[in-house]
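Below are the sequence and a predicted model; questions follow.
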Amino acid sequence: MKARVHVTLKHGVLDPQGKAIAHALGSLGFGGVEDVRQGKFLELELAETDAGKAREQVKAMCEKLLANTVIENYTIELV
Amino acid sequence: MKARVHVTLKHGVLDPQGKAIAHALGSLGFGGVEDVRQGKFLELELAETDAGKAREQVKAMCEKLLANTVIENYTIELV
Amino acid sequence: MTKITPEIVAEHGLAPDEYEHVLAIMGREPNLTELGIFSVMWSEHCSYKSSRIHLKKLPTKGPQVICGPGENAGVVDIGDGLAAIFKMESHNHPSYIEPYQGAATGVGGILRDVFTMGARPIAILDPLRFGSPEHPKTKHLVSGVVAGIGGYGNCMGIPNVGGECTFHPAYDGNILVNAMTVGIAHTDKIFYSAAAGIGNPVVYVGSKTGRDGIHGATMASAEFDEKSEEKRPTVQVGDPFVEKLLLEACLELMAGDAIVAIQDMGAAGLTSSSVEMASKGGVGLELVLDDVPQRETHMTAYEMMLSESQERMLMILKPGREDAARAIFEKWGLDFAVIGKVTDTGHLVLKHRGEVVGDIPVAPLTDEAPLYDRPWVPTPKPAKVLAADVPAANDLGAALVKMLGTPDLCSKRWIVEQYDHLVGGDTIVRPGGDAAVVRVRDHATKGLAITTDCTPRYCFADPVEGGKQAVVETYRNITATGGLPLAITDCMNFGNPQRPNIMGQFVGAIEGMSEACLALDYPVVSGNVSLYNETMGTGVQPTPAIGGIGLLEDYTRSASIRFKAAGETLLLVGETEGWLGASIYLRDLAGREDGAPPPVDLAAEKRNGDFVRGLIRHGEVVTCHDVADGGLLVAVAEMALAGGIGATLATPETDAPLHAFWFGEDQGRYLISVVVDRVESIVDQAKAAGVSLQVIGTTGGDVISVDGGHKATLAALRDAHEGWLPRYMAS
Amino acid sequence: MKAAVVVFPGSNRERDVALALKRASYTTPAYVWHGDTELPAGTDLVVLPGGFSYGDYLRCGAMASLSPIMRAVKDHAARGGHVIGICNGFQILAETGLVPGVLMRNASLRFVCRDVHLKVETTDSAFTGSYLPGQVIRVPVAHAEGNYFADDETLKRLEGEGRVAFRYCTEAGEIAPEASPNGAIRNIAGVLNEKRNVLGMMPHPENMTETVVGGTDGALLFDSLAKALA
Ligand SMILES: Nc1ncnc2c1ncn2[C@@H]1O[C@H](COP(=O)(O)OP(=O)(O)O)[C@@H](O)[C@H]1O
Ligand SMILES: [Mg+2]
């Protein structure tokens, strides 16, 4: 089973990359880009076939490694 | 209107980050992680309100800046 | 089995007569895998078919040379049981297609060439040539290439201490990304690539093999690609983290005596590494491809042999050492696999899924590779430009500010700061001056001076003089820090060799380089040729990039370009005629790109170099700069800006018009600054050595002034010099 | 002083810092492998050196912070033992929570290697005792992710308790935004933990300990340690 994890910066945390991308888009002539936030997107191929267990596992992975919960949020989707 | 962009490595392109994450998860005792691929996830806040136009714009941004189309694919969702 | 049609042969870049030769060697029609192997081994890149007969003319010997061209890198003796191992390589085309990864993997490749021989890399340098700043792609290429080089080298923890970066429309469609690495090894612990010992295991270490960079045969390989919903990218992605582990693991294994031979997998990966090891050792190899660590499923023999996946090595181990070696690689988290053995058949035999999928006699594959003496015409000698015909600058100060703000002369700090040039703690003279000086690890006093140089506009005007000049400029840069030049590596970047005028440039450059190397006892110990740098009939300027290394017996006796104190006397070593042909002044201020380049007087180079080096070694001079691009006044300004101290200059007696004297690019010159009470003695020493020496001014203040009337403030000079590149990149 | 330098896969300034320690204390530090679970007996100081542990993939320092040795490092710190994390080491300390805050991508988004000036904000620690209060020193930085960030409450505590060890400043000692190479909040370059026995800092004092490489301002940090932990 496959898990898709999104890791995004919490509100209020400065996102230098997003800001730089917004700026770069502006100078490339793309008007009307009001804000850009950059996050990570991870696709995990799991041996586990039970959705409930898989979600538990991935949650533990996020808490332990994949996200820094001081500044980041995460969401998990199973497919 | 908001656009969510996923940028992922093309099939077959080496993903050093994903490989290292998979390895780290393994040594943290998370068994059964067969593969990890890491991509980027961008949220863009657009002034544009017309979905068709917004998609066109974001597509152009991906081609020009957000994705490296030599090795990456991208998908666009509007919300 | 795929039928080998003329189309498939052509797809593989083999000419019809080359294919006839393949048939003769094989005695039968090759299969696709075998054809692929011939195609890469006989490519220009691996076989040097257009350049080989000319490269032979380069002097490669000298008492300091432990190993010249032919191995992964050149090896030079630096005394006390230590050797410097170094080479330069190009990654031009991949960097144009994908600047970050192309440049990064270029660095990765040249690092492997050096540590595969047993050396710990201590320095990276990166000569770069980009198209016109106005070209729409240039900025993107600069930013990607620089980030890629930094991304790889920084992670490896090898300081990047030098290089070049210039711009010219001739590179609009073909940028040049060259990279040089220097490493240090013990002379009794140098590793070579000749396979030996029948029955010995062939071992694969490093990253797994994927379908990276398999080109040439797009059509032929497409049929093997079950997932062909997207066109497979041919660029390789580097993993500097794995390469760092590979470096440490290899050095750890090399500390013992398990290795018989070792070779990195660079271009043409498993093919060229196995063929070269077998050929050098005069043995055969049998490989079981099922045992090659693979990243992707269903890989064919063809794909495995042609893959250019990065961060891999091939080794021959002594029998019975596999387990101890495996333990080291596993400790570092790397793949380790025995994939075959050394045989006495003289053939490269490939097995896959229980079948023999390739069987090629190694000796003819390498020895009978095509060799061409391509037709060439010498480049017509351009006319000399008379200084009097070049518009004079009314105000030398204003002209100087303009010069320092040109793309070629401006500060490259924006680049240098993206490279970790201090890791290791051995960087004595940092990038930004002449040569960098890096301390030799584990030695109490020795340092290496390292530099790369080439002046393509000279080479374009006159390849022979330009080739000579590239060599002597490295010689001067090394000398200016106090180093004794030992040997060079080169990276020959040219256009299409099938055009006689391009081939003529190549032949001319080699001739000039050879002459300079011979005169200066400065042999070539390694190098690389990159041809076909050309799009739609427009080639790059001929660019024989030279990487030189020199030895400082005592690194505390080195010089740098920075003015250290006010009130010192500024002395010019060498003669000035005021040569404006092919100069920056002529091109960027007068808008003319013509004329003969400044001639090189090799005897004067040696005489002046020995004189300056002697002064530095005796501790009489600590501030020295060679005079190159932009001429004398530019050199003074660079010294002033580096030290934050100005200078008051007075034109000595000369026949040259002022602008030609101060901006001419005559060769063989150095600027030194010395405390006043040393001047007399140095003047005497110069006289005795037959060296031309002139007092041209005094350090001090925050202005550079010439003859009282021409002035530029350091602030204005700094703004022009430091400002151009960051402003350009931010625009 | 008995020092232990932890080597992670991808560390690259372990030797630089070991030499700096040796110059200051005349004792050769031990190298400890990240996979080990114990520090050498009698370790006074643990050093997490600069580099790219695990390639800096995912987040700098994240994977290294979970290495087996880090449990021992945490125990050592909890017992009052000293720990210094430099550059990648600081990132690892932040990921483990041994010092507060996070290190984000440089505001320029580019790697930056150059000399910077730092103001010594506290001399009340084993790491900074040999400096003068408010002294301005010159040492290099070399990183892509040194943009220090912490929430207002944390910053208030850090500053209130005098736990900001170094700030980026101009040559004249002014704490100005343009003096910061990475955009760090309030120009913070190094912070102490609550018990002041753990220091995380981005700049590299270990690369500025000899005249011949350009200066000795960094040597005083190691000198401080050698004296405090003698
Ligand atoms: N221009 C040159 N001058 C001197 N030696 C050269 C030159 N070009 C290539 N060589 C030598 O030929 C050998 C093969 O080079 P190359 O194919 O570039 O090596 P690699 O397989 O590491 O890429 C090397 O020993 C190299 O030093
Ligand atoms: Mg090689």
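Structure received. Predicted model, so just to flag it, every value in this text is computed and none were measured. Residues are numbered from 1 along each chain as shown, chains lettered A, B, ... in the order given. Ligands and ions are numbered 1, 2, ... in the order given.

tell me which residues form a beta bridge with the closest residue in space to A:Leu14 that isn't next to it in sequence?
Excluding the flanking residues, the one nearest A:Leu14 by C-beta to C-beta, 6 or more residues apart in numbering or on different chains is D:Phe149, at 6.3 Å. The C-beta positions use only the backbone N, C-alpha and C, and glycine is treated the same way. Beta-bridge pairing for D:Phe149 (DSSP bridges): D:Val102.

For burial, what's the neighbour tally of D:Phe149?
D:Phe149: 20 surrounding residues under other C-beta atoms under 10 Å in any protein chain shown.

That one contacts A:Gly12, correct?
No - counting by C-beta atoms under 8 Å, D:Phe149 does not reach A:Gly12; the two are 10.4 Å apart.

Show me what the worst-scoring helix or strand of chain A on mean pLDDT packs onto, helices and strands only.
Across the helices and strands of chain A, the lowest-confidence element by mean pLDDT, DSSP states H and E is helix A:16-27, at a mean of 89. Counting contacts by 3 or more C-beta pairs under 8 Å, 6 or more residues apart in numbering or on different chains; DSSP states H and E, helix A:16-27 packs against strand A:33-46.

Just the buried residues of the helix or strand just after the strand it packs on, please?
Once strand A:33-46 ends, the next helix or strand along the chain (criterion: DSSP states H and E) is helix A:51-61. By 16 or more other C-beta atoms under 10 Å in any protein chain shown, the buried positions in helix A:51-61 come out as A:54-55, A:57-58, A:61.

which residues does D:Arg23 contact?
Counting by C-beta atoms under 8 Å, 6 or more residues apart in numbering or on different chains, D:Arg23 makes contact with D:209-210, D:219, D:222.

Mind telling me the two of those farthest from one another?
Greatest spacing in these, by C-beta to C-beta: D:Glu210 and D:Phe222 (11.7 Å).

These two: which has the busier surroundings?
D:Phe222 (26 against 17).

does the more buried one belong to a helix or a strand, and which?
helix D:219-228.

is that helix anywhere near chain C?
No - residues of helix D:219-228 are not located near chain C by C-beta under 8 Å from any C-beta of the partner chain, the shortest gap being 11.8 Å.

Enumerate the residues of chain C near ligand 2.
Taking C-beta under 5 Å from the ion as the contact definition, chain C meets ligand 2 at C:72, C:113, C:266.

re the thing from before, and the gap between the residue nearest to A:Leu14 and D:Ala64?
Applying C-beta to C-beta, to the nearest Å, the value for D:Phe149 to D:Ala64 is 20 Å.

D:Leu58 now?
Between D:Leu58 and D:Ala64 the distance is 11 Å, computed by C-beta to C-beta.

Find the nearest non-adjacent residue to residue 5, please.
Just so you know, I chose chain A. Using C-beta to C-beta, 6+ apart, the closest residue to A:Val5 is A:Leu42 (4.4 Å).

The chain in question should be chain D.
Among residues not flanking D:Val5 along the chain, D:Val47 sits closest, at 4.5 Å (C-beta to C-beta, 6+ apart).

Quick test: name the residue nearest the centre of chain A.
By C-alpha atoms, centre = their mean, the mean C-alpha position of chain A lies nearest to A:Val7, the distance being 2.1 Å.

mind listing what that residue touches?
Per C-beta under 8 Å, 6+ apart, neighbours of A:Val7: A:39-42, A:62, A:66-67, A:72-74, B:41.

Just give me the closest of the residues you listed to C:Asn31.
Using C-beta to C-beta, A:Leu42 is the member of those that lies nearest C:Asn31, at 41.4 Å.

Run through the bridge partners of that closest one.
With DSSP bridges as the rule, A:Leu42 is bridged to A:Val5, B:Gln38.

That one against A:Thr8, yeah?
No - judged on C-beta under 8 Å, A:Leu42 makes no contact with A:Thr8 at a distance of 11.9 Å.

Give me the more crowded residue out of these two.
Set A:Leu42 next to A:Thr8 and count neighbours by other C-beta under 10 Å: A:Leu42 wins out with 25 against 20.

Please tell me how far that one sits from A:Leu66.
Note on A:Leu42: its distance to A:Leu66, by C-beta to C-beta, is 6 Å.

list the residues that contact both of those two?
Common contacts of A:Leu42 and A:Leu66, defined by C-beta under 8 Å, 6+ apart, comprise A:5, A:7, B:21.

C:Glu368: which of the residues you listed is nearest?
Nearest to C:Glu368 out of the shared contacts of A:Leu42 and A:Leu66 is B:Ile21 (C-beta to C-beta; 48.1 Å).

Can you give me the neighbour number for the closest one?
By the measure other C-beta under 10 Å, the count of residues near B:Ile21 is 25.

Which residue comes closest to it once chain neighbours are left out?
Among residues not flanking B:Ile21 along the chain, B:Val36 sits closest, at 4.7 Å (C-beta to C-beta, 6+ apart).

so who does the one you found touch?
Per C-beta under 8 Å, 6+ apart, neighbours of B:Val36: A:42-45, B:15, B:18-19, B:21-22, B:25.

What subset of those residues is buried?
Buried members of the contacts of B:Val36, counted by 16+ other C-beta under 10 Å: A:42-44, B:15, B:18-19, B:21-22, B:25.

Quick check: the farthest pair among the residues you listed?
B:Asp15 and B:Leu25 (14.2 Å).

Bridge partners for C:Ala84, pull those for me.
For C:Ala84, the beta-bridge partners under DSSP bridges are C:Val76, C:Ile184.

Please work out how many residues are found near it.
For C:Ala84, using other C-beta under 10 Å, the count is 30.

Could you pull up the residues touching it?
Contact analysis of C:Ala84 by C-beta under 8 Å, 6+ apart lists C:75-76, C:78, C:119, C:182-184, C:448, C:486, C:549.

Out of these, flag the one nearest to C:Ala392.
C:Ala392 lies nearest to C:Ile549 out of those, by C-beta to C-beta, at 40.3 Å.

Let me see the contact set for that closest one.
Each residue near C:Ile549 by C-beta under 8 Å, 6+ apart is listed here: C:76, C:84, C:86, C:182, C:448-450, C:478, C:483, C:485-488.

thinking again about what came up before, take the residues of chain C next to ligand 2 and keep only those in helices.
Under the assignment DSSP state H, those contribute C:Asp113 to helices.

want to throw the residues of chain C next to ligand 2 into JSON lines with distance to ligand 1 and pLDDT?
Formatted as JSON lines, these follow (distance: C-beta to the nearest ligand atom, whole Å; pLDDT from 0 to 100):
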{"residue": "C:Asn72", "distance to ligand 1": "5", "pLDDT": "94"}
{"residue": "C:Asp113", "distance to ligand 1": "5", "pLDDT": "97"}
{"residue": "C:Gly266", "distance to ligand 1": "5", "pLDDT": "82"}
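
could I get the residues of chain C next to ligand 2 as TSV with neighbour count?
What follows is these, written out as TSV (neighbours: other C-beta atoms under 10 Å in any protein chain shown):
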residue	neighbour count
C:Asn72	26
C:Asp113	25
C:Gly266	23
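
Report whether the helix or strand harbouring C:Met639 contacts chain D.
Per DSSP H and E: C:Met639 is located in helix C:631-643. No - if you take C-beta under 8 Å from any C-beta as the test, helix C:631-643 misses chain D, and the best it gets is 12.8 Å.

Can you tell me the SS state at C:Lys606?
helix (DSSP: H, G, I helix; E, B strand; the rest coil).
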